[in-house]
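Q: A structural model of the following input is requested.
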Amino acid sequence: MVRTVTVAILATGMMSMPAMAAEQYWVARDAVSKQCEIVPKKPDGTLVVDLGKKKYASEGEARKAMEAMADCKKK
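A: Numbering: from 1, shown residues only. Presented below is the predicted three-dimensional model:
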């Protein structure tokens, strides 16, 4: 009985781990079009270049940082 409960608790915990993972956002610029964007995964540096060299916890934080970056200002 104890073993069954332990296995059930471990299985539930392992299944919920991806849901608890914190989302991360980066400010990046497309190397071809030179347009800034917010991406959910770290840029690879070839087609999409990481501008801020920093990850943000929310999309709102990343958007504020993008608006403040000189490379992303609309001309």
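Q: Go ahead and report the secondary structure state at Lys64.
A: helix (DSSP: H, G, I helix; E, B strand; the rest coil).
Q: Tell me how many other residues crowd it.
A: Close neighbours of Lys64, defined as other Cβ atoms under 10 Å, add up to 12. To be clear about C-beta, it is placed using only N, CA and C from the backbone, and glycine gets the same treatment.
Q: Next: Arg63.
A: Arg63 has 14 nearby residues by other Cβ under 10 Å.
Q: Could you report the separation of it from Val32?
A: Applying Cβ to Cβ, to the nearest Å, the value for Arg63 to Val32 is 22 Å.
Q: give me the low-pLDDT residue ranges for this protein?
A: 2, 5-22, 74-75 (pLDDT under 70).
Q: what ranges do the strands span in it?
A: According to DSSP state E, the chain carries its strands in the segments 25-30, 36-39, 48-56.
Q: quick one, which of those strands is nearest to Lys73?
A: strand 36-39 (9.0 Å; Cβ to Cβ).
Q: so what strands line up beside that closest one?
A: If you go by DSSP bridges, strand 36-39 pairs up with strand 25-30 (antiparallel).
Q: Render the CA-only coordinates of the partner strand in PDB, please.
A: Listed next in PDB are the C-alpha coordinates belonging to strand 25-30 (Å, rounded to 0.1, in the frame of the first residue of the first chain):
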ATOM      1  CA  TYR A  25      11.800  35.500 -23.100                       C
ATOM      2  CA  TRP A  26      14.600  37.100 -25.000                       C
ATOM      3  CA  VAL A  27      14.800  40.300 -27.100                       C
ATOM      4  CA  ALA A  28      16.200  39.400 -30.500                       C
ATOM      5  CA  ARG A  29      16.600  40.900 -33.900                       C
ATOM      6  CA  ASP A  30      16.200  39.100 -37.200                       C
END
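Q: neighbours of Trp26, just the number please.
A: There are 22 residues near Trp26, going by other Cβ under 10 Å.
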